[in-house]
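Asker: Would you be able to build a 3D model of this:
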Amino acid sequence: MAILITGAGLIGCHTARLLAERGERVVLYDACPIPGAIASIVDDSRASVVTGDVTDLDHLARVAEQEGVDRVVHTAALLSNAIRRSPLDGIRVNVMGTANILELARRLAFKRVVLASSTTVHYPAFGDFAGPAFPEDYPMRMLAHRPASIYAGTKVAAEYFGLLYRDLHALDVVALRYAAVLGGWSGPGTSVPGKLLATLLEAARAGREAVIDDPLLVWEGGDEFVDARDCARANVAALDAREPAQGVYTIGSGALHRFDDFVDAVRAAHPGLRVRLAVTPKGGFAGFPHIRHTPSDISAARRELGWAPSHALADSVRHFFEHMP
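Answerer: Predicted structure coming up:
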């Protein structure tokens with residue numbers, strides 16, 4: 001049997017590498033796969049690549065039946081920057097794509113579905129929370145705590161659809177809320193932390209001043225980051241977990257980092273780095289209006305999945321730099 005991984009990007013490729021290394025047969029399914037970037041992470045005969053769109057259920061079904069798929073890790077999605085340019089495409093890919101994966105899994109009786117979600121689903125509630133670590137099941141008000149972006153809205157919808165398929169159709173579904181993801185990737189960078197690190201590291205490498213002129217790349221307060229390699233380990237742990245009873249888990253570091261922490265991490269390797277802010281931060285991370293002061297509670301992932309983060313920010317920055325083109 002085989003494991004389907006939708007999205008042959010940073011997290012999908014690292015997940016494929018881990019699974020292939022332990023002898024699993026893996027099918028990476030992506031609308032626009034980048035062979036060179038994929039091969040730089042997973043170069044294994046047990047991992048094949050298929051070009052396809054998650055909004056095409058018929059094609060997904062043909063591939064799954066031909067390859068003998070019985071489990072899926074669904075990471076394919078449009079991220080915030082792409083959705084700002086084309087909201088409808090984001091809804092189509094992130095919501096209908098997830099619905100297709102769930103329906104595919106129901107029809108073919110998959111053993112488990114792992115959905116990639118995001119901690120952005122609960123950003124609006126940060127200001128009302130007074131505890132030491134933000135739990136997955138913190139009660140959120142439908143209106144006051146509604147998603148602060150279309151991207152977050154698509155992830156809320158995906159989680160609820162996954163839980164409904166679990167409750168109504170007995171489908172084994174696990175959703176993982178990744179914190180902001182960091183990692184080395186030779187393909188095009190689309191994430192906010194990736195763009196920030198690229199700006200800082202390119203300037204450091206060239207010996208010039210790094211000018212931050214994008215308001216999305218600077219923020220007040222802190223946010224939580226996680227290495228893509230740790231996300232991949234979490235995906236595998238979610239596939240393997242015997243009784244993931246909670247169903248939804250935060251995959252983060254359990255610590256917050258400020259903008260200055262990114263600068264300091266780059267300066268540790270490039271002491272001469274100079275940074276100039278051409279914009280003033282006007283809210284939290286990635287343009288969200290909510291300033292964060294509390295890290296996530298990752299104890300459920302430790303307890304039920306046997307997962308814990310293993311890469312600190314400095315290590316993620318080094319890994320990013322090593323994979324810059």
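Asker: quick one, what contacts the residue lying closest to residue 213 once chain neighbours are set aside?
Answerer: Using Cβ to Cβ, 6 or more residues apart in numbering and skipping residues adjacent in sequence, the residue nearest residue 213 is residue 278, 4.0 Å away. For every residue, glycine as well, the C-beta is placed using N, CA and C. Neighbouring residues of residue 278 by Cβ atoms under 8 Å, 6 or more residues apart in numbering: 211, 212, 213.
Asker: okay, now the nearest residue to residue 234 once chain neighbours are set aside: neighbour count?
Answerer: In space, and not counting its chain neighbours, residue 234 is closest to residue 251: 4.4 Å by Cβ to Cβ, 6+ apart. Applying the criterion other Cβ atoms under 10 Å, we find 28 residues in the vicinity of residue 251.
Asker: what's across from residue 251 in the sheet?
Answerer: Here residue 251 shows beta-bridge partners residue 178, assigned using DSSP bridges.
Asker: how about the strands of the stretch 101-250 of the chain, start to end?
Answerer: For the stretch 101-250 of the chain, strands defined by DSSP state E, counting those that start in this stretch occupy the ranges 112-118, 173-178, 180-182, 210-212, 225-227, 248-251.
Asker: Of all the ones you listed, which one comes closest to residue 269?
Answerer: Among those, the nearest to residue 269 by Cβ to Cβ is strand 210-212 (13.7 Å).
Asker: how close does residue 119 get to residue 147?
Answerer: Residue 119 is 12 Å from residue 147, where distance means Cβ to Cβ, to the nearest Å.
Asker: Neighbour count: those two, which is higher?
Answerer: Neighbours per residue (other Cβ under 10 Å) separate residue 119 from residue 147, with residue 119 holding more: 23 against 19.
Asker: For the residue nearest in space to the middle of the chain, which residues are in contact?
Answerer: The centre of the chain sits closest to residue 178, judged by Cα atoms, centre = their mean, with a distance of 4.9 Å. Applying Cβ under 8 Å, 6+ apart, we find residue 178 in contact with 11, 116, 117, 118, 119, 226, 231, 234, 251, 252.
Asker: Just the pLDDT at the nearest residue to residue 162 once chain neighbours are set aside, thanks.
Answerer: Closest residue to residue 162 apart from its sequence neighbours, by Cβ to Cβ, 6+ apart: residue 173 at 4.3 Å. With respect to pLDDT, residue 173 scores 99.
Asker: Same check on the one 3 residues further on?
Answerer: Looking at residue 176, its pLDDT stands at 99.
Asker: where's it relative to residue 207, distance?
Answerer: For residue 176, the distance to residue 207 - Cβ to Cβ - is 40 Å.
Asker: Of those two, which one has the most company?
Answerer: Ranked by neighbour count (other Cβ under 10 Å), residue 176 and residue 207 place residue 176 first, with 26 against 10.
Asker: quick one: pLDDT of the closest residue in space to the more buried one that isn't next to it in sequence?
Answerer: Nearest residue to residue 176, sequence neighbours excluded (Cβ to Cβ, 6+ apart): residue 251, at 5.0 Å. Model confidence at residue 251, given as pLDDT, is 99.
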